[in-house]
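1. Make a model of this:
(2 chains)
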Amino acid sequence: MRAPALVLFLVVVFGVPLVSYAGSPATRPKLWSYDWSSKASPNLAQRQFSTKEIERFVIFLDKSMGHEDDLLGDPGGVYVCSFGFADLRHDGVLSLAVGFGVVDRPSCNTVTIVDRTPSGFELYDSGGGNGSAADIPSCFKDLGHDGRLEFVYDHGLNVFPNHCVASWATVFAWTGRNYTNVSHQFKDFYRERLNLLNKLIPALQQARQPDGYGLRDKECLEAEAAAIQRFLGMSADAGIDQAIRLASSSDPLARQFGTVLLIQIGTPEARKYLEKLASDSDYGVSMYAKDGLAYKSDPSKTFGPKAFVPGGSVAAPERLERK
Amino acid sequence: MDDHSPIQTDRPEGSRACNEPSHWKPYESFLRGFRGFLSITAMSGKAAAPCVGVTVTGWAENDLTNACIVSSTLKSLYGAIAASINKSDTTPQLLERLAMSESTYQQFFKIPLAPPPKTCSMSSPVDGLWPNENNVPGQAKRGSFVGLLQVPPTNQTAWNWIINVNVGANEFQNKIQTTLNHRKKILKQPHTPSLPDLTGHQIEQLAIGLYKGFGRTNGPTIWYWVPQCSTNNNIDHGTCTGGTWSWQPNPKPCRDNTNSCVPNVPMDNVIVQVNMATGATAKCEQ
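-> Residues are numbered from 1 along each chain as shown, chains lettered A, B, ... in the order given. From the prediction side, this is the model:
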């Protein structure tokens, strides 16, 4: 069957909007034609792939979608930091999640999930804090203990330069049309983290301990604990005292950290402080405050994006049955 | 050696054991790939020699004299990079400002560090001047990047600021080259009427975005500047009917390919982060 006819056939049969049809069999990477079923023996999660093989596959998909501006594989551009396969759609077919970074830079901060569908491949993207995509297999978690995997991704909360980084883990799950933020369904996950933080913070010692935390991390851990309290509805302005204290500091780096906390708290009182900070003598503080004021206050933003961003699809002629 | 001059101490590998004088404390960094035992004292705020076999080239904290030495070194390094851009409007102080935004001009900072290597007898943390390591949350390790220009860690880039800035300058040169390749690719695409070339300053801003770790999202890179048709926001090349092509700040400057940078408004915004770097004033800027 000729390619255009096949594409038309797939559109008619499956009703899927197909962005593109990808090349001749000779140019396709191996992953294209593997069996993506979790029941395959061995399945993709059990096979060994190099990051270069994954890179070639993603480049192939990108090119099939007409992305000219793709720095993946460029020596000074983008590389694959980490990847993993898991049944993220809970339908017996594996998905590939790939983390990307910029060569030799603090990054590993964006992720693409590639799903094999009956009509081809669909891509979904998100971006997070530096290091969030450095260990993709650790993002696959069964938080509900029901055999259905969630994708737990650290979107980052705030950075206190030369001190610490505050994290925010967002829980995503396949909800039929996209990977959606379902964090609110897993409040126990956040309660457990809050309990841990409540134990950890008072016990912090000056030097970092084997768990990786020391007193230098205190502001970040407190910021995370306050964000969880806001998320759980315990207090709408949890953390505002810390934010105001830091935003009033003589240290511009502390003021930058405090400014971002105020943006995230987003209450009228917090925005009142942001208005003052917009004329701060430190360029970074004033820029952050102005940037924060430019957007309508939405404290729920702190808790991760609503969903992944659909990144397009590529038609594959080989039909795949899903459960 | 006094408090105000760069410190350069050579000690041959293995010349000092970890249990020698009490102010020589063993050090096991979070730094990836470190080998051997490293040490630095807190005495008088000075960086000092390592426990075993590493050359330290550093300076006392917050010292303006040495900041001026750093600034002139960075300016000199950027001269060669700017020449490769081949534009008249580049920014001579760019590498200085980049270092300011990357590390607040600190190759080392004062921090207590522990634990020591298992083979060393001294275990108490040392509140001293240690290499300025980056922090990252989650599963990734701290210390994947280090020093003035936050480059991948080696004994050399961690303990010798001169090597650190040379490696960083080389990395930035790579980002400039990647940016120039990108410019070539974009300008080769059909644009009617024609898309003007980038200015030197715009090329610098694009390269800083890469240096700041803004890479792939939805395939395309999160660039600071993107081609835009004045009458149709949905195309990036082709015929701009009734309008003109120009380079405009990316309308989706965030890591999640949106304009709202959830949840971390300024950190994930390439425009804010690049402006932070170019708008910084380095210590003793040259």
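2. in the helix or strand harbouring A:G312, what counts as buried?
-> Using DSSP states H and E, A:G312 falls within strand A:309-315. Of the residues in strand A:309-315, A:309, A:311-315 count as buried by neighbour count, 16 or more other CB atoms under 10 Å in any protein chain shown. C-beta coordinates here come from the backbone N, C-alpha and C atoms, glycine included.
3. Can you lay out these as TSV showing distance to A:D62 and pLDDT?
-> As requested, these are exported to TSV (distance: CB to CB, whole Å; pLDDT from 0 to 100):
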residue	distance to A:D62	pLDDT
A:V309	15	90
A:G311	9	89
A:G312	9	90
A:S313	12	92
A:V314	9	92
A:A315	15	90
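4. Chain B next: which of those are close?
-> A:309, A:311-312 (CB under 8 Å from any CB of the partner chain).
5. where does the closest residue to chain B within chain A land on pLDDT?
-> Nearest residue of chain A to chain B: A:G127, at 2.6 Å (CB to the nearest CB). Note for A:G127: predicted pLDDT of 87.
6. do the same with A:T302
-> Reported pLDDT for A:T302: 72.
7. where exactly do the helices run in chain A?
-> A:3-14, A:30-33, A:51-64, A:187-200, A:218-231, A:240-247, A:252-265, A:268-277, A:283-294 (DSSP state H).
8. Poorly predicted segments of chain B, please.
-> Residues of chain B that meet the criterion pLDDT under 70 lie in B:1-63, B:110-129, B:136-143, B:218-219, B:262-265.
9. Closest approach to chain A from it, which residue is it?
-> B:R255 (2.6 Å).
10. ok, now how distant is that residue from B:F145?
-> 18 Å (CB to CB, to the nearest Å).
11. Can you give me the pLDDT of the nearest residue to A:Y34 once chain neighbours are set aside?
-> Spatially, and ignoring its direct neighbours in sequence, A:Y34 is nearest to A:L44 (6.2 Å; CB to CB, 6 or more residues apart in numbering or on different chains). Reported pLDDT at A:L44 in the predicted model: 96.
12. and A:L44, how many residues sit next to it?
-> Using other CB atoms under 10 Å in any protein chain shown, A:L44 has 21 other residues around it.
13. Which residues are in contact with the residue of chain B closest to chain A?
-> A:109-110, A:127-128, B:214, B:217, B:222, B:261, B:268 (CB atoms under 8 Å, 6 or more residues apart in numbering or on different chains).
14. List just the nearest of these to A:W168.
-> A:G128 (8.9 Å; CB to CB).
15. quick one, phi/psi of the nearest residue to the closest one once chain neighbours are set aside?
-> The spatially closest residue to A:G128, leaving aside those adjacent along the chain, is A:H155, at 4.5 Å (CB to CB, 6+ apart). Dihedral pair for A:H155: phi -90, psi 0, per degrees, to the nearest 10.
16. Pull the number of nearby residues for A:H155.
-> Per other CB under 10 Å, the neighbour tally for A:H155 reads 26.
17. Was I right to think A:R216 contacts A:V165?
-> No - using CB atoms under 8 Å, A:R216 is not in contact with A:V165, being 11.0 Å away.
18. okay, the two: which has more neighbours?
-> A:V165 (25 against 19).
19. check contacts around B:I81.
-> B:I81 neighbours (CB under 8 Å, 6+ apart): B:95, B:169, B:172-173, B:176.
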